[in-house]
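Participant: coordinates only, no sequence provided:
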């Protein structure tokens, strides 16, 4: 596969490459952690005209409907530490609970809720990082 790089985008701890692939004309998103190897070719990279990097990045990183959702979750100390370093939003708060648990309260877009729903569904309610999902709230 030949990629024509356009921009690097950071979303939380994950970096993405926005690029044109082969002869396609649409901008596609590639998680860098999935790239096994790369080599620089002598050919000049293609670029769509006109190309607005800010608009392309915003569109590429929008995986849901973009509606604001209020999230309240009980999280374990290890996750709370990560969330302090990389908050989900500007209004995020973490309140210390009992025995290593913390209460996370934040506003996120609906697209960031989907991975949380999958994680809760996978782990169930018995795991240390688990919670329950109802009405767009993790409790």
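Facilitator: Thanks, I have it. Quick caveat, the model's predicted, so the values are computed rather than measured.

Participant: how long is stretch 9-25 from one end to the other?
Facilitator: From its first residue to its last, stretch 9-25 covers 19 Å (Cα to Cα, to the nearest Å).

Participant: ok, residues contacting it?
Facilitator: Counting by Cβ atoms under 8 Å, 6 or more residues apart in numbering, the neighbours of stretch 9-25 from elsewhere in the structure are 1-8, 26-33, 35, 46-48, 53, 56-57, 60-61, 86. The C-beta positions use only the backbone N, C-alpha and C, and glycine is treated the same way.

Participant: from the chain's centroid, how far away is it?
Facilitator: In terms of Cα atoms, centre = their mean, to the nearest Å, the centre of stretch 9-25 is found 13 Å from the chain centre.

Participant: just to revisit the earlier point, in ChimeraX, select just the buried ones from the contacts of stretch 9-25.
Facilitator: The following ChimeraX line selects those of these that are buried, judged by 16 or more other Cβ atoms under 10 Å:
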select :3,4,6,27,29,30,46,56,57,60
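
Participant: in helices, which of the contacts of stretch 9-25 fall?
Facilitator: Where these overlap with helices, as defined by DSSP state H, the overlap consists of 53, 56-57, 60.

Participant: measure residue 103 to residue 71 for me?
Facilitator: With distances defined as Cβ to Cβ, to the nearest Å, the gap from residue 103 to residue 71 amounts to 11 Å.

Participant: the more surrounded of the two?
Facilitator: Higher neighbour count among residue 103 and residue 71: residue 71, with 19 against 15, using other Cβ atoms under 10 Å.

Participant: which strand or helix spans the more buried one?
Facilitator: Counting by DSSP states H and E, the secondary-structure element that holds residue 71 is strand 68-76.

Participant: in contact with the nearest residue to residue 43 once chain neighbours are set aside, which residues?
Facilitator: Nearest residue to residue 43, sequence neighbours excluded (Cβ to Cβ, 6 or more residues apart in numbering): residue 2, at 7.9 Å. If you count contacts by Cβ under 8 Å, 6+ apart, residue 2 has them with 21-22, 41, 43.

Participant: redo that, cut-off 10 Å
Facilitator: 19-23, 41, 43, 45-46 (Cβ atoms under 10 Å, 6 or more residues apart in numbering).
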